[in-house]
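Visitor: Give the three-dimensional model of this entry:
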Amino acid sequence: MITVLIVVLIVSGALVAGALWGTFGSMGKQTEGFLVALAGGALLLSVVTELIQPSVERSGLTMAVLGVGFGAALFTGVDYLIDEKWNSEGGGGLLAAITLDGIPENLALGVALIGAGAPEVAALAGSILLSNLPEAAGGAQQMAEGGMKKGRVIAVWAGTAALLSVAAIAGNVLLAGMGEGPLAFIRCVAAGAVVASLATEVFPQGFKDDHYWAGIATALGLLLALGLGELAGG
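Guide: Below is the predicted model of the structure:
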């Protein structure tokens, strides 16, 4: 449990660090786009190698296909409802979208840590951390520029970090005694939701803000996650 708490605190703490950076520092759109694409490439490889592939090996392809498909459909449906209900440029819609994106990531992290040490999920945890930093920085900067007080911006992101920490811990604690079949399905549902968020939010943002270098940044992120996985395996 101590390992889980340490990993979760580091990953969720990146949201607060990113919020501080975006609120009190400065970050150009091109830099933000590069970092978002870098994180997206790392996260894409990590969900495949740390969540989908182990599920296929332990429970078969059918379970993985059903889980990934359901997770992607679920994320897409809820994301559509959020866009229809809230203004995507406002604080409420932005916070809802970030929370929707972060819950499956952190749930997946908690599930991946079941029966594993921190080094075995280094690629996934590192990829989520990389994703959280630019996402929080860009979101906090947008909120501050929209007129929200800086203290409130930081408080909102700290609360979001706490919520996502609970998701990761819940995924680890509540699902620890579950059989491998249902656990594989849950892993793949989380993975499908993350993949859908990458396709609809992360990569489009990276290309919009830094279209010249977004492809290179994505490839670098993928290589970074691959390197983390090799170090963990070694």
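
Visitor: Buried residues in the helix or strand in which residue 42 is found, which are they?
Guide: Here residue 42, judged by DSSP states H and E, is contained in helix 29-47. Buried residues in helix 29-47, counting neighbours by 16 or more other C-beta atoms under 10 Å, are found at 32-47. For glycine as for every other residue, the C-beta is placed from the backbone atoms N, C-alpha and C.

Visitor: Report the two of those separated the most.
Guide: 32 and 47 (22.2 Å; C-beta to C-beta).

Visitor: which element follows the lowest-mean-pLDDT helix or strand in the chain toward the C-terminus?
Guide: Sorted by mean pLDDT, DSSP states H and E, the helices and strands of the chain end with helix 91-112, the least confident at a mean of 69. Downstream of helix 91-112, the first helix or strand assigned by DSSP H and E is helix 122-145.

Visitor: immediately after that next one, which helix or strand?
Guide: Next element after helix 122-145 (DSSP H and E): helix 150-174.

Visitor: Just the closest of the buried residues of helix 29-47 to residue 218, please.
Guide: For the buried residues of helix 29-47, the nearest to residue 218 is residue 41 (3.7 Å; C-beta to C-beta).

Visitor: where's the closest one relative to residue 112, distance?
Guide: Distance of residue 41 to residue 112, computed by C-beta to C-beta, to the nearest Å: 19 Å.

Visitor: Kindly report the same for residue 34.
Guide: 27 Å.

Visitor: List the residues that contact residue 47.
Guide: By C-beta atoms under 8 Å, 6 or more residues apart in numbering, the contact set of residue 47 is 108, 124, 190, 191, 194, 195.

Visitor: Can you select the buried ones among the residues you listed for me in PyMOL?
Guide: PyMOL command restricting the contacts of residue 47 to the buried ones, with burial defined by 16+ other C-beta under 10 Å:
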select buried, resi 108+124+190+191+194+195
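
Visitor: Same list (the contacts of residue 47) but as CSV, adding distance to residue 178.
Guide: Below are the contacts of residue 47 laid out as CSV (distance: C-beta to C-beta, whole Å):
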residue, distance to residue 178
108, 14
124, 19
190, 14
191, 16
194, 20
195, 22
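
Visitor: give me every residue that touches the residue in the chain sticking out farthest from the centre.
Guide: The outermost residue of the chain relative to its centre, with distances by C-alpha atoms, centre = their mean, is residue 147 at 26.8 Å. By C-beta under 8 Å, 6+ apart, no residues touch residue 147.

Visitor: Quickly note the distance from it to residue 153.
Guide: For residue 147, the distance to residue 153 - C-beta to C-beta - is 10 Å.

Visitor: Ok, residue 193 next?
Guide: For residue 193, the distance to residue 153 - C-beta to C-beta - is 26 Å.

Visitor: Looking at the two, which is more packed in?
Guide: residue 193 (29 against 23; other C-beta atoms under 10 Å).

Visitor: Regarding the more buried one, which helix or strand does it belong to?
Guide: helix 180-197.

Visitor: quick one: contacts of the helix or strand following that helix?
Guide: Later in the chain than helix 180-197, the nearest helix or strand by DSSP H and E is helix 203-209. Applying C-beta under 8 Å, 6+ apart, the contact partners of helix 203-209 are 29, 30, 32, 33, 34, 36, 37, 40, 138, 214, 217, 218.
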